[in-house]
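Asks: Generate coordinates for the sequence data below:
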Amino acid sequence: MKIRKLFPWALGLAAMLMTTVSGFAQEAAEAEDQGHSVLDMILAGGPLIICIWIAILGTSILMVTFIIQNILTLKKDKLAPPALAESLRVAIEAGNYQEAWEICNANDNYLANVLKAALTRLGRGKEAVEDVLAEYGQRESAQLRSRNSYLSVIGVVSPMIGLLGTVIGMMGAFEVLSKSGIADPRALAGSIGEVLLATASGLFIAIPAFVGYYIFRNRAQDVLVHADDVVNSLVRDIPYDELSGIRIGPEFSAGAAAPAAAGGAQSHKVSAQLTTNCPVCNGAITPGQNPCPHCNSTLQWAE
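Replies: Next comes the predicted model:
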């Protein structure tokens, strides 16, 4: 799911988060002779304090966005949908590898992306398929984990942003103290409490960010193992020796497999439910027709 679709939800939850923190801070910082709100305090802090609070609000929105995204995407049925896996299993068992590639090409998930790359290497042998499975599996898993790693970055950066705001606010408070002395200790204590709000806000963001990071890291490992098992089960029984030279993908070619099929010596399984094309020459055929009128291949139709 794209991040921009999650922004309205994230913005609302982040606003609730910041409102809660501001409410607690407002109750703690109220003084008898002061009626200033937290927003007034932020605006009075100057451009640098305003930028810091914008950064805090931005990190809170990003945190909520990545948490929602991980909840929606890190699922077994998202990485390897059962219906898609069953369709691919039927096509591969019937020998319709080009059709399996087209099914993968029409989908965008871990199973489809990894298996599509593997199918294009069928003609190069089992070792080439295993290499591309490992390569594309690592590539897809890295993309999934990179989204979660942003939560760790937010967990580290947000307290630092809050601490920077506190330090800047304390510098201003002590500058006032150096000029006017400690005539009103309660006012000084209230000002210090207000500037500590930035640190509290940073920690309030960092804690759920770190918790979410470790939870989703473990979940990602679990769903990736499941998806890899599904991919390996689909390619386990493919007859690689019989498919030497075949090219699967946009430039489909039967390669070295065509001469053997042309003589009718080899029988190819075809699913009547999923294809109307010959698995050898990709020519249009009628379900139940045998042999193929284009390449004279022997076809074994399966219901």
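
Asks: hey, let's count contacts and neighbours off CA atoms from now on
Replies: Noted.

Asks: how about low-confidence regions in the stretch 51-200 of the chain?
Replies: Along the stretch 51-200 of the chain, segments meeting pLDDT under 70 span 176, 178-191, 193-194.

Asks: What segments of it are helices?
Replies: Ranges of helices within the stretch 51-200 of the chain are 76-79, 82-93, 97-105, 110-119, 126-180, 185-235, based on DSSP state H, counting those that start in this stretch.

Asks: so what does the last one touch, helix or strand wise?
Replies: Applying 3 or more CA pairs under 8 Å, 6 or more residues apart in numbering; DSSP states H and E, one finds that helix 185-235 contacts helix 3-29, helix 47-73, helix 76-79, helix 82-93, helix 110-119, helix 126-180.

Asks: That helix vs helix 126-180, what angle?
Replies: 180 degrees (axes from the mean of the first three to the mean of the last three CA atoms, to 10 degrees).

Asks: can you check the fourth one too?
Replies: Between the direction of helix 110-119 and that of helix 126-180, the angle (the same axes, to 10 degrees) works out to 140 degrees.

Asks: what sits up against helix 110-119?
Replies: Contacts of helix 110-119 with the rest of the structure, by CA atoms under 8 Å, 6 or more residues apart in numbering, involve 79-80, 85, 97, 100-101, 103-105, 107, 129-130, 132-133, 136-137, 140, 227-228, 230-231, 248-249.

Asks: Select only the buried ones of those residues in PyMOL?
Replies: For the buried members of the contacts of helix 110-119, the matching PyMOL selection, counting by 16 or more other CA atoms under 10 Å, is:
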select buried, resi 79+80+85+97+100+101+103+104+105+129+132+133+136+137+140+227+228+230+231+248+249
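
Asks: what's the most buried one of the helices of the stretch 51-200 of the chain?
Replies: helix 110-119 (a mean of 24; mean count of other CA atoms under 10 Å).

Asks: what angle separates that one from helix 97-105?
Replies: 140 degrees.

Asks: begin at 10 from here
Replies: I'll keep to 10 as the first residue from here, and by that count the last item is helix 119-128.

Asks: quick one: residue 140 from residue 241, how far?
Replies: For residue 140, the distance to residue 241 (CA to CA, to the nearest Å) stands at 12 Å.

Asks: I figured residue 216 was touching residue 164, is that so?
Replies: Yes - between residue 216 and residue 164 there is a contact under CA atoms under 8 Å: 6.8 Å.

Asks: Could you tell me how many residues sit around residue 80?
Replies: 12 (other CA atoms under 10 Å).

Asks: quick one: contacts for the residue nearest to residue 175 when sequence neighbours are not counted?
Replies: Leaving aside its chain neighbours, residue 175 sits nearest to residue 204 (5.0 Å; criterion: CA to CA, 6 or more residues apart in numbering). Contacts for residue 204 (CA under 8 Å, 6+ apart) come out as 174-176, 178-179.

Asks: Check residue 262 and give its pLDDT.
Replies: Here the pLDDT value assigned to residue 262 is 61.

Asks: Where do the domain boundaries of the chain fall?
Replies: 12-85+150-244, 90-149, 263-312 (automatic domain parsing).
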